[in-house]
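1. Structure, please.
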Amino acid sequence: MTLWNIIYLVGIMIACVGVMQILPLALSAGFGDGHAVSLALTCAASVLFGLLLVRAGSRKRRTILSNSEALACVGLCWIAATCAGALPYVSTGFMTPVDAWFESVSGFTTTGSSILSDIEALPQSLLFWRSLTQWCGGMGIIVLSLAVLPHLGVGGMQLYRAEVPGPTPDKLAPRIQDTAKILWSGYCVLTAVMVVCLMMAGMNVLDAVNHAFATLATGGFSTKNASAAAFSPAVQWIIIVFMFLAGINFTLHFRFISGRWNAYGKSEECRFFVLLCTVLTLLTAGFLYAENSASVQSFSDAEKLLRGAMFQIVSLITSTGFVSENYSLWPLGTMPMLLFAVFVGGCVGSTAGGFKIMRIMVLGKVLRREFFSMLHPRGVYTIKFQDRPLSEKIISGSGVFFVTYMLMLFLCTGLLLCWNIDFLTSFSAVLTCLSNAGPGFGRVGAVDNFGWMPQAVKMILSFCMLAGRLEFYALLILLHPSLWRKPGGL
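-> You can find the predicted model right below:
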């Protein structure tokens with residue numbers, strides 16, 4: 001792989017992150033919190049260093065990338081962006097380098113796991129920076145670059161496919177830059193609508209913007225220690241609606257707005273997503289009612305119970321990670337539903353993490369084909385999705401992804417056990433980081449944080465967050481020796 005492509009793209013990412021830091025810098029100066037100078041230095045350093053790399057790499061870079069090179073470039077760009085994103089936390093003195101990188105990775109990957117025990121102690125500028133990293137990472141920093149920098153030029157489609165999660169990323173326009181602009185335009189419109197709705201429900205401007213950023217990105221960083229529990233039922237219902245929308249393929253939103261009113265109903269994946277959310281919510285609400293039936297005496301009691309169940313299911317299945325109640329105190333029977341929600345994730349082409357609904361459906365269809373083959377050895381069973389036959393590449397890819405996911409889950413859980421962390425905490429911490437879901441169970445539950453963990457464990461979990469957001473291959477390929485032995489490589 002050519003060194004110049006890496007230098008060029010990494011430079012663009014670092015410069016973009018530096019430009020993003022202008023916004024928290026402006027807030028810091030406006031509020032007079034005493035951190036404006038530190039933020040100005042990190043902003044200038046990121047932009048200048050990024051531009052130097054761009055200048056150095058632009059001379060000999062190639063405009064065509066192979067799939068493996070695109071994957072590797074995306075992995076390296078995300079690592080560089082998260083490192084640059086950690087600088088404001090370090091320069092202002094609120095975090096150590098490892099803690100800052102963990103928080104930055106959690107932000108850009110929209111995981112929502114945090115090392116902070118007192119979120120409200122941070123100045124507004126850093127609270128905004130946390131939410132901004134999630135918002136930019138939600139749709140993808142590579143996709144953002146393709147939208148605002150059409151002259152990027154280096155393997156646009158390969159980079160898009162390498163970053164957008166899911167087995168079949170949609171292309172909405174002939175040019176990849178136009179696809180990126182369409183996706184980001186819809187993303188911005190939904191964010192603006194949510195900000196208005198939250199302000200109408202009683203939130204102040206900064207809280208509304210922060211929570212809209214975190215919700216549409218399915219990130220879950222809140223400005224309050226109590227997360228969504230600090231706000232009114234009306235605010236919580238608004239967050240539920242927009243978390244749900246963020247968990248649906250964004251191309252369906254575009255088609256609906258374009259006049260195809262049946263876009264959601266025609267999507268097999270969307271229908272299954274709605275069904276799954278409904279079933280998990282009703283099961284969870286049923287367990288809660290069985291445990292607290294004596295306290296449900298009025299409509300408002302029933303609404304609170306249903307809202308609590310729906311909020312947590314939608315929050316976890318979309319990998320948002322907002323918390324409206326301490327679900328660690330819920331009946332033990334709710335835990336399988338919550339863990340399954342964390343694992344399964346949202347739809348392909350959404351900002352949600354997890355295994356993805358489409359892959360679950362594909363593996364279910366494969367299982368049904370195997371039963372059919374046992375009953376009818378000479379029969380022919382074609383696996384279809386959206387009434388179209390699926391290629392064996394997509395089918396086998398879903399299986400390989402499942403195996404990779406499970407291997408990574410149990411390997412990293414085993415590593416955490418080496419630090420004498422209990423199994424439930426270790427397993428759920430790795431699961432929630434791989435699924436980019438935020439809170440877990442045990443000592444990293446709804447009202448806990450990751451700050452107490454050893455530095456090495458935080459590094460492992462940061463790797464898990466990046467691997468989950470980029471769906472493993474963009475990071476794992478960097479470890480393969482053959483990538484670096486190609487003609488013209490490093």
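
2. Over stretch 98-107, what's the mean pLDDT, rounded is fine.
-> Averaged over stretch 98-107, pLDDT sits at 96.

3. Pull out the buried positions in the helix or strand where V189 lies.
-> In the assignment (DSSP states H and E), V189 maps to helix 176-200. For helix 176-200, burial by neighbour count (16 or more other Cβ atoms under 10 Å) applies to 176-177, 179-184, 186-187, 190-191, 194-195, 197-198. Where C-beta positions appear, they are placed from N, C-alpha and C, glycine not excepted.

4. Verify the stated contact: F355 with V403.
-> No: here F355 lies out of contact with V403, judged by Cβ atoms under 8 Å, at a distance of 11.8 Å.

5. if we can go back for a sec, run the angle between the helix or strand that the helix holding V189 is followed by and helix 176-200 for me.
-> Counting by DSSP H and E, the next helix or strand C-terminal to helix 176-200 is helix 205-216. Between the axes of helix 205-216 and helix 176-200, defined by axes from the mean of the first three to the mean of the last three Cα atoms, to 10 degrees, the angle is 130 degrees.

6. and helix 205-216, what does it pack onto?
-> Packed against helix 205-216 by the contact rule (3 or more Cβ pairs under 8 Å, 6 or more residues apart in numbering; DSSP states H and E) you find helix 124-139, helix 176-200, helix 233-246.

7. for A352, phi and psi?
-> Main-chain dihedrals, A352, degrees, to the nearest 10: phi -80, psi 150.

8. which residue sits closest to it, ignoring its sequence neighbours?
-> G346 (2.6 Å; Cβ to Cβ, 6 or more residues apart in numbering).

9. Ok, L190 next?
-> L216 (5.6 Å).

10. related to what we said a few turns ago, how much space between the residue nearest to A352 and E268?
-> Distance of G346 to E268, computed by Cβ to Cβ, to the nearest Å: 15 Å.

11. Could you do L375 as well?
-> 24 Å.

12. For these two, work out which one has more neighbours and name it.
-> E268 (14 against 8; other Cβ atoms under 10 Å).

13. Hmm, that one is touching Q386, no?
-> Yes: look at E268 against Q386 with Cβ under 8 Å: they come within range, at 5.4 Å.

14. Overlap of the contact sets of those two?
-> With contacts taken as Cβ atoms under 8 Å, 6 or more residues apart in numbering, E268 and Q386 have no neighbour in common.

15. Tell me where the stretch 201-350 of the chain has helices.
-> Applying DSSP state H, counting those that start in this stretch to the stretch 201-350 of the chain gives helices spanning 205-216, 233-246, 250-257, 263-266, 268-292, 299-317, 335-344.

16. for those, which one ends up most surrounded?
-> When these are scored by mean count of other Cβ atoms under 10 Å, the highest mean neighbour count falls to helix 205-216 (a mean of 24).

17. which residues touch it?
-> Residues contacting helix 205-216 (Cβ under 8 Å, 6+ apart): 112, 124, 127-128, 130-132, 134-135, 138, 187, 190-192, 194-195, 198-199, 203, 219-223, 228, 239, 242-243, 246, 320, 322, 351.

18. just to revisit the earlier point, which residues does the residue nearest to A352 contact?
-> Contacts of G346 (Cβ under 8 Å, 6+ apart): 218, 246-248, 273, 317-319, 352-354, 356-357.

19. go on, G112?
-> 106, 134, 214, 219-221, 320-322, 436-439.

20. Can I take it that it is in a helix?
-> No: assigned with DSSP: H, G, I helix; E, B strand; the rest coil, G112 falls outside any helix and is coil.

21. Could you measure from it over to L252?
-> Looking at G112 against L252, where the rule is Cβ to Cβ, the gap reads 24 Å.

22. What about G445, how many residues nearby?
-> Counted with other Cβ under 10 Å, G445 comes out at 18.

23. Give me the pLDDT value at it.
-> pLDDT, G445: 90.

24. which non-adjacent residue is nearest it?
-> S328 (4.0 Å).

25. Tally up the residues packed near the one you found, please.
-> Neighbours around S328, by other Cβ under 10 Å: 18.

26. what does the one 3 residues further on give?
-> For P331, the neighbour count with other Cβ under 10 Å is 14.

27. give the contact list for it.
-> 287-288, 290-291.

28. of all those residues, which comes closest to L476?
-> F287 (38.2 Å; Cβ to Cβ).

29. pretty sure that closest one contacts W330?
-> Yes: counting by Cβ under 8 Å, F287 touches W330, with 7.3 Å between them.

30. so what's the residue most central in space within the chain closest to, chain neighbours aside?
-> The centre of the chain sits closest to T110, judged by Cα atoms, centre = their mean, with a distance of 3.7 Å. Excluding the flanking residues, the one nearest T110 by Cβ to Cβ, 6+ apart is G219, at 3.9 Å.

31. buried sites along stretch 40-56?
-> Buried residues in stretch 40-56 (16+ other Cβ under 10 Å): 40, 42-43, 45-47, 49-50, 53-54.

32. where in this protein is pLDDT low?
-> 1-2, 60-68, 141-177, 293-294, 482-490 (pLDDT under 70).

33. Could you rerun that using 50?
-> 1, 148-157, 162, 488-490 (pLDDT under 50).

34. Farthest from the middle of it: give me that residue.
-> Largest centroid distance in the chain under Cα atoms, centre = their mean is R378 at 43.6 Å.

35. SS state for that residue?
-> coil.

36. Give me the phi and psi angles of it.
-> phi -100, psi 0.

37. Equivalent analysis for F385, please.
-> Given degrees, to the nearest 10, the pair of backbone angles that F385 has is phi -140, psi 130.

38. ok, what's across the strand from it?
-> When assigned by DSSP bridges, F385 has beta-bridge partners R388.

39. burial of it, as a residue count?
-> Neighbours of F385 (other Cβ under 10 Å): 17.

40. so who does it touch?
-> 268-269, 358, 361-362, 365.

41. G364 too?
-> Contacts of G364 by Cβ under 8 Å, 6+ apart: none found.

42. re the thing from before, please tell me how far the residue nearest to T110 sits from W135.
-> 7 Å.

43. before we move on, what about P233?
-> From P233 to W135 the distance is 25 Å (Cβ to Cβ).

44. cool, E103 as well?
-> Taking Cβ to Cβ, one finds E103 at 15 Å from W135.

45. Looking at those two, which has the bigger crowd around it?
-> Using other Cβ under 10 Å as the criterion, E103 and W135 rank with E103 on top: 30 against 27.

46. Name all residues that make contact with that one.
-> Neighbours of E103 in contact, by Cβ under 8 Å, 6+ apart: 86, 89, 95, 114-116, 130.

47. Export those as TSV, with columns for distance to I421 and secondary structure.
-> Shown next, in TSV, are the contacts of E103 (distance: Cβ to Cβ, whole Å; DSSP: H, G, I helix; E, B strand; the rest coil):
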residue	distance to I421	secondary structure
A86	24	helix
Y89	24	helix
M95	21	coil
S114	17	coil
I115	15	coil
L116	19	coil
R130	25	helix
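
48. Tell me where the stretch 1-150 of the chain has helices.
-> With DSSP H, counting those that start in this stretch as the criterion, the stretch 1-150 of the chain has helices spanning 3-20, 22-31, 36-58, 67-91, 97-108, 124-139, 141-148.

49. Looking at the buried residues of stretch 40-56, spot the one nearest H480.
-> For the buried residues of stretch 40-56, the nearest to H480 is L53 (24.1 Å; Cβ to Cβ).
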